[in-house]
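Asker: Give the three-dimensional model of this entry:
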Amino acid sequence: MVAEAAPGAALPALLGRLARAAAARDAQGFAVLFTPDGRYHDGFFGLHEGRAAIAAMLDRFHAGGEAFFWQFDDVVANGELGYARYVFSYRSCGPGSNGQVVVFEGIAQLRLRDGLIAEYDEAFDRGVAFTQLGYEPARIGKLLERYARAFASSPTAQAHLAARAERREGAPDKE
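Answerer: The predicted structure follows:
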C-alpha cells in the first residue's frame, strides 16, 4: 500500500486509511502510512519507532481487543502538522472485561513528511477507558500515577517547568 501525498487537504484521507487498517488488523498497511523512521506514541502502549515496531504495536491492540472503530473529525493541517479530534472504540477481549465495548475520545497530533506520518502522538483520558474495563479504583490510581510520573519527567514537561521558572524570575508573580 502506497500512501498519497498528505498536504492539509489529504490528511482526512490518510487518517481514513489509518482507521481502516487498524480495524482490519492490517499491521503492514497501518505501518506503511508512516515514514520508515516514523514514531507512534500510543497513550497505552508507549512509543514505537519504525514501521516494524508500529506494526507490532497494532498486533498488540488486537491481542486485547477486537471490532476496532476509529473516527477522526475536525481535521486541520498545514502540510507539516495536523490535528484531529477522534472517538475510538473496541470490544475488549481481556479478562474481567471480555465483551465490554470501550469508547473514549481524544486528540491526535501528527507531524507529516513526504505524504506520510512522521510522528503520531495523542492525548486522551486513560481513566475513562480503565473505568470501562472494570479496573478497580486502586489499580486505576496506580496506573494514572505511573503515567503522571512519566510525563512530569519528560523533556516536554521539564522544558515547560524551566520556562515557567524563568518567567517567574523575570516577571511579577500573578498566580
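
Asker: what about the most centrally placed residue in the chain, which SS state?
Answerer: Nearest to the mean C-alpha position of the chain, by Cα atoms, centre = their mean, lies E122 at 3.5 Å. On the three-state scheme (DSSP: H, G, I helix; E, B strand; the rest coil), E122 is labelled strand.

Asker: doesn't L33 make contact with L18?
Answerer: Yes - the pair L18 / L33 is scored as a contact, 5.5 Å apart, by Cβ atoms under 8 Å. Yep, even glycine has a C-beta here, placed from its N, CA and C like the rest.

Asker: so what sits against both of those two?
Answerer: I117 (Cβ atoms under 8 Å, 6 or more residues apart in numbering).

Asker: in this protein, what spans have low per-residue confidence?
Answerer: 1-9, 170-175 (pLDDT under 70).

Asker: Please parse it into its domains.
Answerer: 8-135, 136-175 (automatic domain parsing).

Asker: where along the chain do the strands fall?
Answerer: 34-42, 46-49, 65-77, 81-92, 101-113, 116-124 (DSSP state E).

Asker: Dump these to TSV, plus distance to R167.
Answerer: TSV is the format used below for the strands of the chain (distance: least, Cβ to Cβ, whole Å):
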stretch	distance to R167
strand 34-42	27
strand 46-49	29
strand 65-77	29
strand 81-92	25
strand 101-113	24
strand 116-124	24
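
Asker: Now S97: closest residue in space that isn't a chain neighbour?
Answerer: Spatial nearest neighbour of S97, chain neighbours left out: L133 (4.4 Å); criterion: Cβ to Cβ, 6 or more residues apart in numbering.
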